[in-house]
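Novice: starting from these lines, generate the structure:
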Amino acid sequence: MSTVPVLPVLIPSWEKAMDAIEEVKRRARRVTALLDAAGVPYAVIGGNAVAAWVSSIDEGAARATRDVDILLRRADLPLARQALEPAGFLFAEVMDVPMFLDGPTGSGKSAVHILYANEIVKPGDLAPSVDIADSERGPEYQVLKLEALVKIKLISYRRKDQVHLDDMIGVGLIDATWPARFPTELGVRLQHLLDTKGQ
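Specialist: Prediction:
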């Protein structure tokens, strides 16, 4: 006789999931507020930026993310450290990825990951990352403009980047006119996602 696995009853799993989502949002607000107060140029990128754009069309279509990604100019890193470290964010490089751990017990998975503006992120990238100037003020913090966000996702093009691009296509932020906005190789990637939408 087979048994069906049962979830623990002490704390419902959905509550844990919701708490984790809210903690990421709080971390994003804390970090950006500190950078804003110190006058450090930045832009929120990654899943939080995608969620901000997607929710501007359909709040129910926004996908949760487990970390915070920030675009900084490398030259501004010392200023960012001065702003963040007194508040408990500890700078570290884990496997060549610059990040701010949220306290001494913070993990890389829940850290504030840093991407340097206008630089090749990893060997083989088709283009450098975008500039801080390619951002605009959102309701809570500075967010990468849509075209720059799409470009950075096309450059990285991991599975989660493709999912984020699919989300933006799904709510109509990206349409058939968009591949022509990018260099050929990036445009081909975007055209493939448009052609395979829903598959």
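
Novice: pretty sure residue 170 sits against residue 197.
Specialist: Yes: using Cβ atoms under 8 Å, residue 170 and residue 197 qualify as a contacting pair, with a distance of 7.5 Å. No exception for glycine: its C-beta is placed from N, CA and C like everyone else's.

Novice: higher neighbour count, those two?
Specialist: residue 170 (15 against 11; other Cβ atoms under 10 Å).

Novice: what mean pLDDT does the strand or helix carrying residue 153 have?
Specialist: Secondary structure from DSSP states H and E places residue 153 in helix 146-156. Helix 146-156 carries an average pLDDT of 98.

Novice: tell me how far it lies from the chain's centre.
Specialist: 11 Å (Cα atoms, centre = their mean, to the nearest Å).

Novice: which outside residues touch it?
Specialist: Residues from elsewhere that reach helix 146-156, judged by Cβ atoms under 8 Å, 6 or more residues apart in numbering: 45, 49-50, 53, 115, 121, 125-127, 129-131, 134-135, 143-144, 161-162, 164-165, 168, 173-174, 178, 181-182, 186, 189-190.

Novice: do stretch 88-102 as well
Specialist: With Cβ under 8 Å, 6+ apart, stretch 88-102 has contacts from 27, 31, 34, 77, 80-81, 84-85, 103-104, 106-108, 110-114, 116.

Novice: pull out the buried members of the residues you listed.
Specialist: 27, 31, 34, 80, 84, 106, 110-114, 116 (16 or more other Cβ atoms under 10 Å).

Novice: who does the following helix or strand past the helix holding residue 153 touch, helix- and strand-wise?
Specialist: Sequence order places helix 159-170 as the next helix or strand after helix 146-156, per DSSP H and E. Other elements packing on helix 159-170 under the criterion 3 or more Cβ pairs under 8 Å, 6 or more residues apart in numbering; DSSP states H and E are helix 46-55, helix 146-156, helix 184-195.

Novice: what residues sit buried inside helix 159-170?
Specialist: Per 16+ other Cβ under 10 Å, helix 159-170 contains these buried residues: 161-162, 164-169.

Novice: where along this protein do the strands fall?
Specialist: 43-45, 68-72, 89-94, 97-102, 112-116, 135-137, 142-144 (DSSP state E).

Novice: okay, now residue 183: neighbour count?
Specialist: Neighbour number of residue 183 under other Cβ under 10 Å is 12.

Novice: nope, residue 134 is what I meant
Specialist: 18.

Novice: how about it, what does it touch?
Specialist: So residue 134 contacts 43, 144-145, 147-148 (Cβ under 8 Å, 6+ apart).

Novice: taking the residues you listed, please make a ChimeraX selection of just the buried ones.
Specialist: For the buried members of the contacts of residue 134, the matching ChimeraX selection, counting by 16+ other Cβ under 10 Å, is:
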select :43,144,145,148
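
Novice: brilliant, that's me finished.
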